[in-house]
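> Everything below, folded, please.
(chains A and B)
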Amino acid sequence: MKDSLVLLGRVPAHPDSRCWFLAWNPAGTLLASCGGDRRIRIWGTEGDSWICKSVLSEGHQRTVRKVAWSPCGNYLASASFDATTCIWKKNHDDFECVTTLEGHENEVKSVAWAPSGNLLATCSRDKSVWVWEVDEEDEYECVSVLNSHTQDVKHVVWHPSQELLASASYDDTVKLYREEEDDWVCCATLEGHESTVWSLAFDPSGQRLASCSDDRTVRIWRQYLPGNEQGEGPLWKLNSVSKDNNGGNAQT
Amino acid sequence: MRLAGALRQRGGTSPFVSRRWGIPPRGGSAAVMASPFSGALQLTDLDDFIGPSQECIKPVKVEKRPGSGVAKIRIDDDGSYFQVNQDGGTHRLEKAKVSLNDCLACSGCITSAETVLITQQSHEELKKVLDANKMVAPSQQRLVVVSVSPQSRASLAARFQMNPTDTARKLTSFFKKIGVHFVFDTAFSRHFSLLESQREFVRRFRGQADCRQALPLLASACPGWICYAEKTHGSFILPHISTARSPQQVMGSLVKDFFAQQQRLTPDKIYHVTVMPCYDKKLEASRPDFFNQEHQTRDVDCVLTTGEVFRLLEEEDVSLPDLEPAPLDSLCSGASAEEPTSHRGGGSGGYLEHVFRHAARELFGIHVAEVTYKPLRNKDFQEVTLEKEGQVLLHFAMAYGFRNIQNLVQRLKRGRCPYHYVEVMACPSGCLNGGGQLQAPDRPSRELLQHVERLYSMVRAEVPEDAPGVQELYTRWLQGTDSECAGRLLHTQYHAVEKASTGLGIRW
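Reported below is the predicted structural model:
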C-alpha cells in the first residue's frame, strides 16, 4: 500500500487574501500562519478539529510574509512587507508584541532564528541581511548588516548546529556568513543557479544544503571540511543538480 | 583607539551611500564590484533605464493650479511640453529637475546620469579650471585654493612611504606646480569645529532642564551620517545633531569669506578644492546650506578624494617623493607653517575627546589627562565615563559604522540612550578608513590601516584653544565667540527628507 497524504482538515485562514507562510512550533502543537491581511493566526487542535486560538493583528501595516518560532517555542518572529519584524512572546494562549525590529529600508522577506536561540537573521528587498542578537532582558540589538548580495534577498536560514547563516537572492547566488572577530562576514558565495534562488534548507546533519531556483533546478551543496580527501580547504561545493518541474520550495 | 575588524566596508562610498545606491561596498575579501567611479569601465556597465521613479525620494513639487483637472499635453518639435487647457490656452510645463544633491541623497536610482553628475566634482574639473586659468591674464584668473585633510595626507604618506611633514610639503609643491595658488590644511579649520562643538555641548548640558531634546548631542562632522539621519529619521533625530560645521565646511567659510576678504576678491573668484578621505564629502559640499546666494558660489567648489589626487599625480606623471618640498601655506600670519598639525582623539577629528575634556573642566572642574575607552559590543562602539565618588557625571560614546548607528538610533527612539554625547561616524574604523582612501592590493587592508593610523598620529597635536591664529580669527574675522557671524559661518542646519511613498514602489 502506497504512502499517501490524507487531508485532515481545511481552514479558511486569511480572509480575502493570500496565506503566505505556515510554521509549526517546535512542540508540534501549534501552527502559525500569516498572510496578506496583515494578521498572524495561531491554530491548534480541539479534539478533531483545527481552531484559531489567537489572532495577532496589531503588529504590521502590510502583508506578513513569514513567521518563525524560536527554538524554545516561546517566541514568534514575523517578517513583514512594512519593513519591520515583530517579536511576539507567548503567554499561554496570548501573544504580546515585545519589540519591533526596524532598520530595513523596504520589505522584509524572511526571518530565521539560530539554533542557539539568541541570534536572529532577517533579509529584505533592500539587498541586505541583518543579524540581531537578543539578551536575557529581551533586548534586541543589530550585530551586523551584511550587504553582500546585489539584489533582493529572498530567504535566510541557519545551519542546524554551526553558527553559519545562508541567504538566497534574486541575484542568483546563495551566500554563507559567519562571525569573524567582531563582525559577520560573507565567507562563501555559491554560484551556479541561473535565476533567482527562492529558498534554502540544510539537512538535519548540516552537511548538505539544498537550494531551489526559478531556473527550475534544485541544487545540493556539500560542505568540505579542512583536510578532506579532496584536498580542499573548508568550503561548500555543488554536489548535484536535479531538474524538477516546478522548482518549488525545498524542505528536507 | 583600537581598530575594528570590519574593514570590508571600505571602498567607493560610505556604507550609507553604498546602501542607497545598491552597490556592495568594496571588501577585503573578494571584491564584488570596483569603485563606482573608476572611470570608463564603470560607465559602460550602467544603463539609463530607470523605472518610473520608484526609488526617487525627491518629492517633485508641482504647483497646483486652480481649475479643472482635465487638460491635454502637447509636445513640440523641440521637446517642450505644453499643457493645452480646455479653453485652448497653453502654458509651458516645467521639466522636473533632479540636482546633484537630490541625486546623491536618493535611495537607489542608479543611472549613468548620476555618474555624470558626480564627475562634475572630480580632478577633471580641477584640471579644466587650471587650464582655463592658463588662457587668461592673471587678473582674470580664478584663485585656486586646495585644502588637504590630515586623513588624506596620512593615506598618501603611507602609499609613498614618507613622513607626514614631507608629504604635506611635497603635496604643496605638486599642487603649486600645476597652477594651484594656495594649499591649506583642514586641521586648522578643525580647531573651530571642535571649539564650537565643545561650547555647544556645555550650553546644552546646562540647559537640560529647559529642553528635553538637548541631550544626547550627536557629532555632525560626518555627511554620511547626516544624510542618513535626514532621510531616515528626520525630525526625531535632527534636534540632537550638533549644528557645528565640519572642518571641510568651516574651511569653506574661512576661504570664501575671510581669505577672500584678505585677497580682496569676491568669493566667486576663488575656486576652492578640498581633499577628503571619502565621497560623501562631495555631497556635503553641494548642500544648499553651503551655497552663497549673494555671490552665487559654493563654499567648497570641488571635493577630491585621496584616490582622485593619486590619479591626478599619475596623470601629471609626477612622482611625489621626488619633488622638492615647498613651504606650507597658512591662512593667517599667526598660524605656524613649519609642519602640519593635528588633534588628539583618533583619526576622525577627536570630537569625543575634545568635548569630553572640555566638559569635564567647564562643568565639573575636573582635569582629564588621558581619556580611557571601553569597547562594548564591538571595536567601533566604545564608551567613556567621567566618575566622581561613584557617580557618573558624563557618559559619552563613539559609534562608528551602520550597525552601531542603528542601535544608537533605536535606543534613542525608545528613550533608552544613556549617553550625553556620541561621536557618530559612518565608516567602520572612522575617517582613516574612508571610502576614498588609497588601497594597496598587495597589502592586507588591516595592516595598511594600521600604518595610516600610525602616520596620522605622528603629527603633533594642538589644543584648539591655544592654537596660533584661532583666537585672533575669532576676534578679527568673527567679532567674538558667540557673535552672529560665528553662528552664521561656523554653524549649519539640517532638513528632514520626506519620503514620497508611491504605489509604484511595490515589488514582491
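
> dump the residue contacts of the residue nearest to A:Glu191 when sequence neighbours are not counted.
Counting by Cβ to Cβ, 6 or more residues apart in numbering or on different chains, A:Thr173 is the residue found nearest to A:Glu191 once chain neighbours are left out, at 5.4 Å. (Each C-beta comes from the backbone N, C-alpha and C, glycine too.) Contact analysis of A:Thr173 by Cβ atoms under 8 Å, 6 or more residues apart in numbering or on different chains lists A:149, A:189-191, A:193, A:197.

> what sits up against stretch B:170-185?
B:130, B:133-134, B:143-148, B:150, B:153, B:156, B:162, B:168, B:251, B:255, B:259, B:273, B:309, B:312-313, B:316, B:318, B:320-321, B:323-331, B:340-341.

> Check those residues for burial and list the buried ones.
Those of those that meet the buried threshold are B:130, B:133, B:143-148, B:150, B:153, B:156, B:162, B:168, B:251, B:255, B:259, B:273, B:309, B:312-313, B:318, B:320, B:323, B:326, B:328-331, B:340-341, by 16 or more other Cβ atoms under 10 Å in any protein chain shown.

> all helices in the stretch 51-200 of chain B, in order from the N-terminus.
Remark: helices assigned in the stretch 51-200 of chain B by DSSP state H, counting those that start in this stretch are B:100-105, B:112-119, B:123-135, B:150-160, B:164-177, B:186-206.

> Would you single out the least confident of those?
Mean pLDDT is lowest for helix B:112-119 out of the helices of the stretch 51-200 of chain B, coming in at a mean of 51.

> What is the burial count for the residue of chain A found nearest chain B?
Closest contact between chain A and chain B, by Cβ to the nearest Cβ, is at A:Glu181 (3.3 Å). Neighbours of A:Glu181 under the rule other Cβ atoms under 10 Å in any protein chain shown: 13.

> Tell me how far it lies from A:Ser116.
19 Å (Cβ to Cβ, to the nearest Å).

> again with B:Tyr81
60 Å.

> cool, A:Pro15 as well?
For A:Pro15, the distance to A:Ser116 equals 37 Å [Cβ to Cβ].

> how many neighbours does B:Ala496 have?
By the criterion of other Cβ under 10 Å, B:Ala496 has 15 neighbours.

> Which helix or which strand is home to it?
When secondary structure is defined by DSSP states H and E, B:Ala496 falls outside every helix and strand.

> tell me the strands in the stretch 101-250 of chain A, going along the chain?
All strands of the stretch 101-250 of chain A, identified by DSSP state E, counting those that start in this stretch, fall at A:108-113, A:119-124, A:129-134, A:140-146, A:153-158, A:164-169, A:174-180, A:183-190, A:197-202, A:208-213, A:217-224, A:235-243.

> With mean neighbour count and mean pLDDT added, can I get the ones you listed in JSON lines?
Listed next are those as JSON lines, based on neighbours: other Cβ atoms under 10 Å in any protein chain shown; pLDDT from 0 to 100:
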{"stretch": "strand A:108-113", "mean neighbour count": "25", "mean pLDDT": "97"}
{"stretch": "strand A:119-124", "mean neighbour count": "25", "mean pLDDT": "97"}
{"stretch": "strand A:129-134", "mean neighbour count": "22", "mean pLDDT": "96"}
{"stretch": "strand A:140-146", "mean neighbour count": "21", "mean pLDDT": "94"}
{"stretch": "strand A:153-158", "mean neighbour count": "24", "mean pLDDT": "97"}
{"stretch": "strand A:164-169", "mean neighbour count": "26", "mean pLDDT": "97"}
{"stretch": "strand A:174-180", "mean neighbour count": "19", "mean pLDDT": "95"}
{"stretch": "strand A:183-190", "mean neighbour count": "20", "mean pLDDT": "94"}
{"stretch": "strand A:197-202", "mean neighbour count": "22", "mean pLDDT": "96"}
{"stretch": "strand A:208-213", "mean neighbour count": "22", "mean pLDDT": "95"}
{"stretch": "strand A:217-224", "mean neighbour count": "19", "mean pLDDT": "91"}
{"stretch": "strand A:235-243", "mean neighbour count": "14", "mean pLDDT": "79"}
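
> can those strands go into a markdown table with extra columns for distance to B:Ile366?
Shown next, in a markdown table, are the strands of the stretch 101-250 of chain A (distance: least, Cβ to Cβ, whole Å):
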| stretch | distance to B:Ile366 |
| --- | --- |
| strand A:108-113 | 46 |
| strand A:119-124 | 41 |
| strand A:129-134 | 35 |
| strand A:140-146 | 31 |
| strand A:153-158 | 48 |
| strand A:164-169 | 46 |
| strand A:174-180 | 39 |
| strand A:183-190 | 35 |
| strand A:197-202 | 55 |
| strand A:208-213 | 57 |
| strand A:217-224 | 56 |
| strand A:235-243 | 55 |
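
> Any idea which of those strands gets closest to B:Glu447?
strand A:174-180 (16.3 Å; Cβ to Cβ).

> ok, residues contacting the closest one?
A:129, A:131, A:146, A:148-149, A:162-169, A:184-190, A:193, A:197, A:200, A:209, A:211, A:221, A:236, B:5.

> Could you do stretch A:45-60 as well?
A:8-9, A:11, A:29-31, A:38-44, A:76, A:78, A:80-82, A:84, A:86, A:88, A:93-95, A:97, A:100.

> Close to chain B: what parts of the stretch 51-200 of chain A are there?
By Cβ under 8 Å from any Cβ of the partner chain, the residues of the stretch 51-200 of chain A that approach chain B are A:102-103, A:105-107, A:125-128, A:141-145, A:147-150, A:152, A:180-183, A:185-186, A:189.
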